[in-house]
Structures are given as C-alpha cells and as structure tokens.
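> What follows is a protein structure lacking sequence information:
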C-alpha cells in the first residue's frame, strides 16, 4: 500500500495519521508527501514519542478516534491497524466524522483523488475473531466493506498486502472516497 501511495498520490496539501502511535507512517510516508500533517493517537506515551520522532507534524491530537472532531478538512486520512479496537458503534461514529473531514475538490474528484482515506487492517479468513492478547476484534473483509458503505464511502481499490508470514492474519488495504 505504501508503494501504491508513493507512486500514485501527488498534488495534495494535508493529511492526518489516525491511530499513529509514535509516527512511523507519519514520518516515512506522510511528511514527505504533504505540506501539513497532523497526528492522532489515544496514548499519551505514544504522542510524546511522536513529538520527538516527527517534530515536523503540525498538530498532535491526544484522543480516541471516535471522540476526535475534525476541525480541518484533509486530502488524506490514514488509518492503520486501529479500527479493530473500536466497537461497531464507535467505528461508525469515527467513519462518519472522517467522511466529513475529507476535502471535496471537484477538479480532483474527476481523477478519483478528492479526499482519500486509506485503511489497513487485519482480516479473518472466516468469521470474526477476538484476539485476547491484543484485545482486538479481527473482522472479515465483508464487515469492513459494509461499514464503509454504511458510513458513506465508495471503495476505490482494495487488495491484500503481501509479504507477511502465512501464520498471521491477512492484511487488507482499502482506498476510500466519500460518496458524491
């Protein structure tokens, strides 16, 4: 997904990394591509580390995804391995807020580039599973597709990320745009 992102995305201004941890994706992917980058994470420890690791970030937000209110509009919202920690209700609250937090640029919409959200999550090979060690719910890809549809997104592209050991869950990547 990072390779796709680096090669296909240009001409954008702002991004937010939601559930960013200490900012690995922010530093390696978003900061080089965007003029303004914000970072959001619910962990005080992770946000403190991110401030040291990625000082170029414009705003650091210490809050949960579902409680975050998008005050700015973004060209890109990056969400990686964190929807699995939300209840269905909280996930829908976040997705609906995120949809409204995406820019709607008519000239870029024709190119399929207006306000994109990138989601990367583990998915099950069958029915939903609870990961006791990680305290996460691993959903099937159809659950994500249904949630995105219900929240008002169109899936522009989806694929499995390769290169992970077979014993791990598959990683599904989604590129989303709000419906017009």
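Everything's here; your move. Model, not experiment: these values are computed from the prediction. Numbering: from 1, shown residues only.
> counting contacts, what elements does the host helix or strand of residue 154 pack onto?
Using DSSP states H and E, residue 154 sits in strand 153-161. With contacts taken as 3 or more CB pairs under 8 Å, 6 or more residues apart in numbering; DSSP states H and E, strand 153-161 sits against strand 116-123, helix 141-150, strand 170-178. C-beta coordinates here come from the backbone N, C-alpha and C atoms, glycine included.
> May I see the buried residues of the second one?
This means helix 141-150. For helix 141-150, burial by neighbour count (16 or more other CB atoms under 10 Å) applies to 141, 143-145, 147-148.
> Could you dump the residues you listed into a markdown table with distance to residue 128 and pLDDT added?
Formatted as a markdown table, the buried residues of helix 141-150 follow (distance: CB to CB, whole Å; pLDDT from 0 to 100):
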| residue | distance to residue 128 | pLDDT |
| --- | --- | --- |
| 141 | 11 | 94 |
| 143 | 7 | 96 |
| 144 | 11 | 97 |
| 145 | 14 | 97 |
| 147 | 12 | 98 |
| 148 | 16 | 98 |
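> would JSON lines of these with distance to residue 41 be doable?
As requested, those are exported to JSON lines (distance: CB to CB, whole Å):
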{"residue": "141", "distance to residue 41": "25"}
{"residue": "143", "distance to residue 41": "24"}
{"residue": "144", "distance to residue 41": "21"}
{"residue": "145", "distance to residue 41": "26"}
{"residue": "147", "distance to residue 41": "21"}
{"residue": "148", "distance to residue 41": "22"}
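> Across the sheet, point out what pairs with the residue nearest the centre of the chain.
For the chain, the residue sitting closest to the mean C-alpha position, by CA atoms, centre = their mean, is residue 79 at 1.5 Å. Following DSSP bridges, residue 79 is listed with bridge partners residue 18, residue 119.
> List the contacts of it.
Residue 79 is in contact with 18-19, 65, 98, 117-120, counting by CB atoms under 8 Å, 6 or more residues apart in numbering.
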